[in-house]
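# Sequence and predicted structure below; questions after.
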Amino acid sequence: MSLSMRADGLTGFVTLDNPPVNAIDKAMRDGLMEAVTWAERENFDRVIVTGAGRAFAAGADAKEFDGAALEPYLPDVCDAIERSFVPWIAAINGVALGGGAEIALACRMRIAGPRAQIGLPEVTLGVIPGAGGTQRAMRLCGLDKALDMIAFGRPLRAVDALKAGLIHAVEDDPVEAADMINTEELQCVVPTWELPAPAHDDAAFAAIRERLAQRSPGQIAPLRAVEVIEQGLSLPFAEAMKQERAAFMDLKQGDQSRALRHMFFAERAAKPPKNLPAAPELTEIAVVGGGTMGAGIAYACLSIGLPVTLLETDQDGVDRAEANIGKLIQSGMDRGRLSADGAQALRDRLTATTDYGKAANAPLAIEAAFEDMEVKKAIFAQLDAALSPGAVLATNTSYLDVDEIAASTRDPSRVLGLHFFAPAHIMRLLEIVKGAQTSDHALATGYALGKLLKKVPVLAGVCDGFIGNRIYSRYREAADTVFMDGSTPWEVDEAMENFGYAMGPYEVADLSGLDIGYAARRRQDATRDPNRRYIPIADRMVELGKLGKKVGAGWYRYPGGGGKVEDPIVADLALEEAHFAGIERTEYDEAQIIERLTLAMINEAADVLAEGIAQSAAGIDLVTVFGYGFPRWRGGLMHYADTIGVPHIVERITALQAEDPVAWKLSPVLADCAERGLNLAQWTQG
Ligand code: 3HC
């Protein structure tokens, strides 16, 4: 039944019980309906509903969303609770989210524990509250608060929910407090549905729509929630409930909700492979290199309480590392995330030194030095000598061969890649790169650090760029081809922003610096297929000193260090190069730009899957969303590919292959899927 009931005198106790977080499934809805009848039959004075374990209820069971809705529906359950002559009190012991919050809002009173949270985060799953959340929340906490809470899906802490008027009290023991409430007082509380709806406020609706346009572009559900709230203001409660439910049901079946649910479950399924041994306790970490990445990694580790020994080559390096970490600490304080004491404790945990001996006891070292094989090998030789034989040695390289680095140590089995993304203390993706000889112990250690840092770990194999950078290189190549053959960087950027990226590839390149890609291309010179078309524009940019935002000019100009402006000289470069290459330029519209760039990535990603570099399509989705800004509401690259359909993709890539047979070679995985009638999520190595 997913809940239990017991009577104590005139009080009925209902405990929602569906581990681990009391998601509301059909069995729980059945149980709640039965509990309403039971309480009335027993003529209780009150029912106290709480959750078993750490949650009150995490909301409707999202696993049921793929199928048809099953009776009893949650809005009817909430109505039955609210309209029962026995008043219900929600004793909110932990998170009450989505449908969980809706049950609580339908209760006559709500008392929360100090660590409880209450919220309506449905938009993060691409839907809106579907069991009265929009209507009851606005009656309890007013229009502004309800709009903010529902449109952005942000839960409130118990104290804030109390201030907002969403709950009645915060008590250490909410069940006991609910039991103590005076019966007359309880009987006097007006059921939420009987409260008047707030008055319409044009300014509030204009403001929320403007904020959504800026912060959630492309997403349907938040706007729909606002619309439902607005319409509900002038409708009778029962009518407003019906239109809320209709919108919820409609969104639940849409592509965006499917994509966001896929991301929700993929993120939670990102766990270590089965049968890994227990990881060693991570008592301290060694980080080699105090540049941007090294400092970010060190800061992330320091922030979770780990002592860090930061290793540098000379005193200048030590000073620079301390300064870089100091800046991150200061920024944490400026944002109010770190107190003065917290900052001091963080500094106390840091030892920056040139002496590798100081890291002798570290169970894990992460090298984040310059991307140069010889530099890395020299560092690994030092780590190999200084750390204990059981210690795990990781490289944060973005492209270099982890096996070659490992081969320079006495025991390659203890080497793996831990590829962080900048800024390392913020970005959630962690590619865990398994070399040919990487041991399970080393992998388990990498996963253990990922878990402590709350990263999304994705297992990757060794190749140039692993999963993410390899796919991104194809994206960049496709962008440059479109640019050279007929577009401008700003048209490409605008198209990809409209697709859902926060920034297009050219603006991103300006931020990271064009010299980074230049160095990568020089490294690939020796192995590049001579028949593959090479677009020289990015090299010309570097030769002209247009290195990106840091020098005030890259693909865009940044006059006075300010915002970007288009640079006609850059557009002319493509005209010039196209002329030298004898290319007749064509104009691409936005749909064509998006198609070429996304198909290039999808085809490469399918190869990444074929070669076993990624273990699953869902892993690629996590990499593209958490590391490269692919729109989450499209579900990641491979989920998006499955949305547009493998047969269509195969047809389009085959057409592009006729145009350039070297750049476009249909991946065997796509061909296999088409032949076997599979989508990419279903494909496994045959
Ligand atoms: N449905 C189904 N499963 C859910 C779930 C849900 N709503 N919420 C959590 N779970 C599952 C997770 O998939 C995970 O399963 P696993 O153990 O097999 O991997 C397990 O519960 C534990 O979840 P977490 O790993 O996320 O545990 P945390 O303690 O880190 O977080 C949480 C708990 C804050 C509740 C978080 O899981 C969460 O945010 N859940 C989603 C909340 C939500 O969006 N609710 C709205 C649902 S839509 C709705 O209610 C519609 C209604 O208006 C009609």
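Thanks, I have it.

# Check the burial of residue 43 by counting its neighbours.
Residues lying near residue 43 (other CB atoms under 10 Å) number 10. In short, each C-beta sits where N, CA and C put it, glycine included.

# helix, strand or coil for it?
Under DSSP: H, G, I helix; E, B strand; the rest coil, the three-state class of residue 43 is coil.

# List the contacts of the closest residue in space to it that isn't next to it in sequence.
In space, and not counting its chain neighbours, residue 43 is closest to residue 86: 7.5 Å by CB to CB, 6 or more residues apart in numbering. Residue 86 makes contact with 12, 36, 39-40, 43-47, according to CB atoms under 8 Å, 6 or more residues apart in numbering.

# so which helix or strand takes in residue 86?
Under the criterion DSSP states H and E, no helix or strand holds residue 86.

# Need the pLDDT of it.
pLDDT for residue 86: 97.

# before we move on, back to that, between the contacts of residue 86, which is nearest residue 590?
Nearest to residue 590 among these: residue 36, at 53.5 Å, using CB to CB.

# Give the burial count for that closest one, as a bare number.
21.

# any idea of the pLDDT on residue 528?
pLDDT, residue 528: 89.

# now residue 114
Residue 114 is assigned a predicted lDDT (pLDDT) of 97.

# for residue 594, what are its contacts?
Residue 594 touches 495-496, 498-499, counting by CB under 8 Å, 6+ apart.

# now the helices for the stretch 251-400 of the chain?
255-269, 292-303, 315-334, 340-348, 373-386 (DSSP state H, counting those that start in this stretch).

# Can I get those in JSON lines including mean pLDDT and mean neighbour count?
Below are the helices of the stretch 251-400 of the chain laid out as JSON lines (pLDDT from 0 to 100; neighbours: other CB atoms under 10 Å):
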{"stretch": "helix 255-269", "mean pLDDT": "97", "mean neighbour count": "19"}
{"stretch": "helix 292-303", "mean pLDDT": "96", "mean neighbour count": "25"}
{"stretch": "helix 315-334", "mean pLDDT": "96", "mean neighbour count": "16"}
{"stretch": "helix 340-348", "mean pLDDT": "95", "mean neighbour count": "13"}
{"stretch": "helix 373-386", "mean pLDDT": "95", "mean neighbour count": "17"}
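
# between these, which gets nearest to the ligand?
With CB to the nearest ligand atom as the criterion, the ligand lies closest to helix 255-269 of the helices of the stretch 251-400 of the chain, at 3.8 Å.

# Any chance of CSV for the helices of the stretch 251-400 of the chain, columns distance to the ligand?
Formatted as CSV, the helices of the stretch 251-400 of the chain follow (distance: least, CB to the nearest ligand atom, whole Å):
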stretch, distance to the ligand
helix 255-269, 4
helix 292-303, 19
helix 315-334, 23
helix 340-348, 23
helix 373-386, 34
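
# which secondary structure elements does the lowest-mean-pLDDT helix or strand in the chain contact?
When the helices and strands of the chain are scored by mean pLDDT, DSSP states H and E, helix 514-524 comes last with a mean of 86. Packing partners of helix 514-524 (3 or more CB pairs under 8 Å, 6 or more residues apart in numbering; DSSP states H and E): helix 537-543.

# Pull up the distance across stretch 526-542, start to finish.
Taking CA to CA, to the nearest Å, stretch 526-542 runs 20 Å from one end to the other.

# A strand includes residue 49, no?
Yes - under three-state DSSP, residue 49 falls within a strand.

# Could you give the number of residues near it?
Neighbours of residue 49 (other CB under 10 Å): 26.

# bridging residues for it?
In this entry, residue 49 is beta-bridged to residue 14, residue 90, by DSSP bridges.

# how much space is there between it and the ligand?
According to CB to the nearest ligand atom, to the nearest Å, residue 49 and the ligand sit 16 Å apart.

# How much space separates that residue from residue 43?
Distance, residue 49 to residue 43, using CB to CB, to the nearest Å: 18 Å.

# Buried ones only from the contacts of residue 594, please, as a ChimeraX command.
The following ChimeraX line selects those of the contacts of residue 594 that are buried, judged by 16 or more other CB atoms under 10 Å:
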select :495,496,499
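
# quick one on the thing from earlier: dump the helices of the stretch 251-400 of the chain into JSON lines; add distance to residue 3 as well.
Output for the helices of the stretch 251-400 of the chain, formatted as JSON lines (distance: least, CB to CB, whole Å):
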{"stretch": "helix 255-269", "distance to residue 3": "23"}
{"stretch": "helix 292-303", "distance to residue 3": "39"}
{"stretch": "helix 315-334", "distance to residue 3": "43"}
{"stretch": "helix 340-348", "distance to residue 3": "41"}
{"stretch": "helix 373-386", "distance to residue 3": "54"}
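
# And stretch 155-169, what's buried?
Within stretch 155-169, the residues that qualify as buried are 155-158, 161-162, 164, 166-168, counting by 16+ other CB under 10 Å.

# out of those residues, who's nearest the ligand?
Closest to the ligand, out of all of those and judged by CB to the nearest ligand atom, is residue 155, at 8.1 Å.

# how about the closest one, what does it touch?
Counting by CB under 8 Å, 6+ apart, residue 155 has contacts 95, 97, 117-121, 149.

# Now do the phi/psi pair for the residue of the stretch 351-500 of the chain found nearest the ligand.
Using CB to the nearest ligand atom, the single residue of the stretch 351-500 of the chain nearest to the ligand is residue 454, 9.3 Å away. Backbone torsions for residue 454, taken as degrees, to the nearest 10, come to phi 60, psi 40.

# Secondary structure element holding residue 4?
strand 3-8.

# Quick one: end-to-end length of stretch 450-460, please.
14 Å.

# near the ligand, which residues of the stretch 1-150 of the chain?
Listed as neighbours of the ligand in the stretch 1-150 of the chain under the rule CB under 6 Å from any ligand atom: 20-21, 23, 55, 58-63, 74, 95, 97-99, 102, 121-122, 124-125, 127, 129-131, 133.

# any idea which residue sits dead centre in the protein?
The residue lying closest to the centre of the chain (CA atoms, centre = their mean) is residue 626, at 5.0 Å.

# Might you report the residue contacts of residue 638?
Per CB under 8 Å, 6+ apart, neighbours of residue 638: 602, 605, 617-618, 620-621, 680-681.

# Which two of those have the greatest separation?
Farthest-apart pair in the contacts of residue 638 is 602 and 618; separation 14.7 Å (CB to CB).

# still on that earlier bit, now render the buried residues of stretch 155-169 as JSON lines, adding distance to the ligand, pLDDT and secondary structure.
Below are the buried residues of stretch 155-169 laid out as JSON lines (distance: CB to the nearest ligand atom, whole Å; pLDDT from 0 to 100; DSSP: H, G, I helix; E, B strand; the rest coil):
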{"residue": "155", "distance to the ligand": "8", "pLDDT": "97", "secondary structure": "coil"}
{"residue": "156", "distance to the ligand": "13", "pLDDT": "97", "secondary structure": "strand"}
{"residue": "157", "distance to the ligand": "13", "pLDDT": "98", "secondary structure": "strand"}
{"residue": "158", "distance to the ligand": "14", "pLDDT": "98", "secondary structure": "helix"}
{"residue": "161", "distance to the ligand": "15", "pLDDT": "98", "secondary structure": "helix"}
{"residue": "162", "distance to the ligand": "20", "pLDDT": "98", "secondary structure": "helix"}
{"residue": "164", "distance to the ligand": "19", "pLDDT": "96", "secondary structure": "helix"}
{"residue": "166", "distance to the ligand": "16", "pLDDT": "97", "secondary structure": "coil"}
{"residue": "167", "distance to the ligand": "18", "pLDDT": "97", "secondary structure": "coil"}
{"residue": "168", "distance to the ligand": "22", "pLDDT": "97", "secondary structure": "coil"}
